[in-house]
Every structure is written in structure tokens, then in C-alpha cells.
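Student: I'll drop the sequence and a predicted model, then ask my questions.
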Amino acid sequence: MTVAQPDVTVVIGAYEAMPYLVECLASVEAQTIGPERVEVIAVDDGSTDGTGEYLEEFAERASPRVTVIRQENSGGPSGPRNVGLDKARGRYVFFLDADDRLGPEALERMVAMADRAGTDVVLGRIEGVDRGAPKSMFGRTVERTDVHSSNIMYTLSAQKLFRRALLERHGLRFDESLYTGEDALFTMEAYLRANGVSVVADHTCYYLVGRDDGKHVTKSGSYVLRFDSARLLMDLIADLVPEGPRRDRLMVRPFAITLLPQFGPRFLKDDDRVRRHKLELAKPLTDAHWTEGVARHLKVEERLRLHLVAGQRLGLLLDAVRFTASKKQAPALLERRGRRLYLVYPHFRDRAAGIPDTVYLAEPREARAFPGYRGGGTPTVLRRAARRARRLLTSAKKVTPEARAATAA
């Protein structure tokens with residue numbers, strides 16, 4: 001007898017997941033979508049704490065169809081996810097971490113959204129439990145958007161609903177050579193190749209759980225791995241998005257979220273060898289992808305540090321990082337009758353440093369927080385009309401009597 005295709009395959013990669021796995025699996029079984037519409041593929045990645053045994057017990061009694069695969073430890077989350085994805089039969093795939101849990105009705109709502117909107121990726125609102133969670137992209141429910149028109153690039157974790165046809169069409173899989181940032185690479189490519197992305201913001205679909213033992217599926221890795229992750233994400237964006245404002249905006253994600261923290265307060269604790277090595281690792285990234293367009297999307301403090309990283313100016317960079325670590329507010333300098341605002345971070349207008357004023361120039365979205373700033377507003381129709389009238393009047397006054405006479409003749 002042919003078994004009907006499930007609507008969604010829930011892929012769970014599990015490593016040393018007890019006791020969190022208990023609530024994780026309970027949240028799957030409690031889904032309102034209906035057990036016949038769901039299949040679960042759980043991959044035990046060489047656990048020794050009873051994770052594999054509990055998965056097998058669950059498979060025997062659970063209402064949804066559950067397949068348990070047990071394997072030697074792969075060293076990271078990519079391997080188990082790929083194994084599960086290769087076995088998936090559902091129209092959609094959802095990647096669930098074994099220490100997290102689904103919200104009530106999550107799968108039903110996300111599948112309904114994808115079917116209604118015809119989109120390839122659905123983000124469900126995430127809530128943190130004893131840890132932070134992304135928020136900026138969940139301001140409202142959106143049936144159809146894309147990575148260029150929203151803030152979804154700031155959530156690149158794999159806990160999304162993906163149309164499996166999209167993943168198969170483009171051969172999308174997790175990079176098993178990466179031990180950090182593998183989900184960012186996968187999700188960004190899915191965003192860029194998707195025929196639309198939906199956002200379910202009016203219902204919590206996913207609970208991101210902070211473990212008491214501080215352990216998670218993903219290994220933290222050394223700083224070198226962070227640079228590898230940033231490089232691959234930058235290269236992906238450069239390969240799939242032509243040069244211009246759209247690419248610049250997306251490049252903010254790897255620069256600000258992945259690369260910049262390596263030159264934050266922790267940089268002060270690094271020894272000189274590590275500091276120089278980090279600059280060395282950053283050089284090919286900034287040479288290839290750091291542009292004025294990217295810089296304009298950043299706050300002044302972030303832009304300054306990355307400008308100094310790009311210039312390989314270790315001494316000045318240390319000064320900027322110390323100021324960042326102090327958590328002081330940089331003084332504001334207003335010029336041009338309040339229409340231009342500079343933030344006076346270290347080495348502003350220091351001739352010896354030679355850092356351009358534009359590095360310190362606050363963009364309107366940052367400058368508006370400072371009293372006295374008058375720039376960045378969009379002119380009203382009346383203001384534009386008045387300016388045009390003044391230009392025409394000025395032009396008329398510049399016409400010489402001889403020219404008027406010639407025109408009259």
C-alpha cells in the first residue's frame with residue numbers, strides 16, 4: 001500500500017540532548033496539523049546520555065511516523081541535518097534542534113501560510129527561553145517578502161520551514177566542513193533562491209531554549225572558524241547578487257554579525273600574535289567585499305573599527321576598541337546648521353591618523369537621536385515646489401537684457 005506524502009518532514013539532529021529532548025519531542029507530538037501529515041526523522045549523532053534510546057522509545061509509541069537513525073558522532077550539526085534531509089519525503093522540511101521546541105500550532109500555521117502564499121520559506125516567530133532571540137523581522141505577519149525588502153537576513157538559523165522542492169532543485173545542503181555558521185550559509189542561499197518568503201509574526205512558532213549546561217548542538221569553534229564562516233557567506237552573496245546597493249546591504253550581515261565581534265572587547269584580551277593573525281585573516285575579506293556602500297549601513301562606531309581593520313591599522317584599532325569597551329557615548333559635533341553630525345570617536349580629525357571625516361559622519365537613522373540634528377528629512381511637496389520656484393526665479397534674474405531683447409525679436 002502506498003503511503004501518502006506527508007506535508008512536512010521534521011528533521012531533528014540530536015547529540016547529548018537529554019533531558020531537553022523530552023519536551024522537544026512532546027512539542028512535535030502535540031502539533032495540531034494532524035499526525036498523518038507529519039513525518040519525523042531523528043538522527044542521533046553518537047550520543048552517550050540516552051538520547052538514542054529515548055528517540056527509539058518515542059518512535060514506538062508516537063502518533064506521527066518517526067524514523068530514528070543512529071550514527072557515529074560527526075562533530076557538528078550539518079551531518080545529522082543532511083542525513084535527515086536526504087531521507088525526507090515531505091513537501092516541506094522543518095529543522096528542529098533537539099534542545100528547543102515547537103510552539104502550539106506551529107507546523108499547521110506555517111504550512112498553511114506557505115500553501116496560501118506560494119512561498120518557498122516561512123519564518124515563524126521565535127521566543128527565547130533563558131536566551132536571546134531575533135525580533136526585528138517579526139514586527140508583523142507578511143505573506144510575501146524577500147531578503148532585500150525585510151530584516152530576515154538577521155535570522156539565518158535553520159529553524160525555518162523550507163519547501164523541499166527548492167532545496168532539491170538547487171542541491172541545497174549544509175556544509176559539513178563548517179562547525180559554526182553552517183546554517184547561515186544554508187539559509188541565506190535559500191532566501192536568495194526562494195520564490196518569496198513568508199513571516200508568521202502573530203504566533204510563537206519556535207522556542208529557542210538556553211541549556212543550563214551551556215551546551216548546544218553547534219560547537220563554538222576557534223576564531224579561525226568564524227573567519228571561515230564570514231568568508232563563505234560573503235562569497236555566496238557576491239556570487240548570487242550583482243554589485244550594487246542590494247549586495248552592499250546583505251554584506252552588512254557577515255561584516256557586522258560574524259566579523260566585527262572578533263574586533264570587539266575580546267580583542268583587548270588577545271595576545272599580539274592573535275591580534276595580528278586576526279587582521280591577517282580579515283584582509284582578504286575586506287579587500288574583496290568592504291565598500292563605501294557597506295560602510296554607510298553601519299553605525300559610526302562599527303564603521304570606524306572595520307575601516308581600521310581594512311587598513312590593517314592595529315594601533316588605531318586598539319584605541320577604537322578600548323573606547324567601545326568603555327561603553328562611553330562619543331561627543332556629537334553638528335555642522336552645516338545642524339544638517340551634518342559627526343560622532344567624535346578616537347582620532348577624529350587627527351592629521352597623523354588621516355582617517356576621512358566620512359567614517360565619523362552619522363547617517364540620518366543614527367543622527368536623529370541627537371538634539372539639534374536637522375538633516376535626513378524627506379522634503380514635503382510644498383518644500384520641493386518652493387525650491388523649484390526659487391531656482392526658476394534665480395535663473396530668470398540671470399538672463400541679460402540683451403538676451404531678453406533677442407528672445408523678443
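Tutor: Thanks, I have the structure now.

Student: list the contacts of the nearest residue in space to Leu102 that is not next to it in sequence.
Tutor: Leaving aside its chain neighbours, Leu102 sits nearest to Ser27 (4.3 Å; criterion: CB to CB, 6 or more residues apart in numbering). All C-beta spots, glycine's among them, are computed from the backbone N, C-alpha and C. Ser27 sits next to Arg101, Leu102, Gly103, Tyr207 when contact means CB atoms under 8 Å, 6 or more residues apart in numbering.

Student: ok, the residue nearest to the spatial centre of the chain to Leu250 distance?
Tutor: Centroid-nearest residue in the chain: Tyr154, 2.6 Å away (criterion: CA atoms, centre = their mean). Computed as CB to CB, to the nearest Å, the Tyr154 to Leu250 distance reads 11 Å.

Student: out of the contacts of Ser27, which is nearest to Thr145?
Tutor: Gly103 (21.1 Å; CB to CB).

Student: so what pLDDT did the closest one get?
Tutor: Gly103 is assigned 97 on the pLDDT scale.

Student: ok, which stretches of the chain are strands?
Tutor: 8-14, 38-45, 65-71, 92-97, 101-102, 121-129, 142-145, 161-163, 197-209, 332-335, 340-343 (DSSP state E).

Student: so for the fourth one, what gets flagged as buried?
Tutor: Going back to what we said before, that points to strand 92-97. Buried residues in strand 92-97, counted by 16 or more other CB atoms under 10 Å: Tyr92, Val93, Phe94, Phe95, Leu96, Asp97.

Student: return the member of the residues you listed nearest to His277.
Tutor: Taking CB to CB as the measure, His277 lies nearest Asp97 of these, at 31.7 Å.

Student: so that closest one touches Asp183, yeah?
Tutor: No: using CB atoms under 8 Å, Asp97 is not in contact with Asp183, being 9.8 Å away.

Student: between the two, what contacts are shared?
Tutor: Pro77.

Student: tell me the domain boundaries of this structure?
Tutor: When the chain is parsed into structural domains using automatic domain parsing, the resulting residue ranges are 8-209, 228-330.

Student: which among the ones you listed is found nearest to Tyr360?
Tutor: Using CB to CB, the nearest of the domains of the chain to Tyr360 is domain 228-330, at 5.7 Å.

Student: endpoints of the closest one, how far apart?
Tutor: 33 Å (CA to CA, to the nearest Å).

Student: any idea of the mean pLDDT for it?
Tutor: 97.

Student: try stretch 13-25
Tutor: For stretch 13-25, the mean pLDDT works out to 97.
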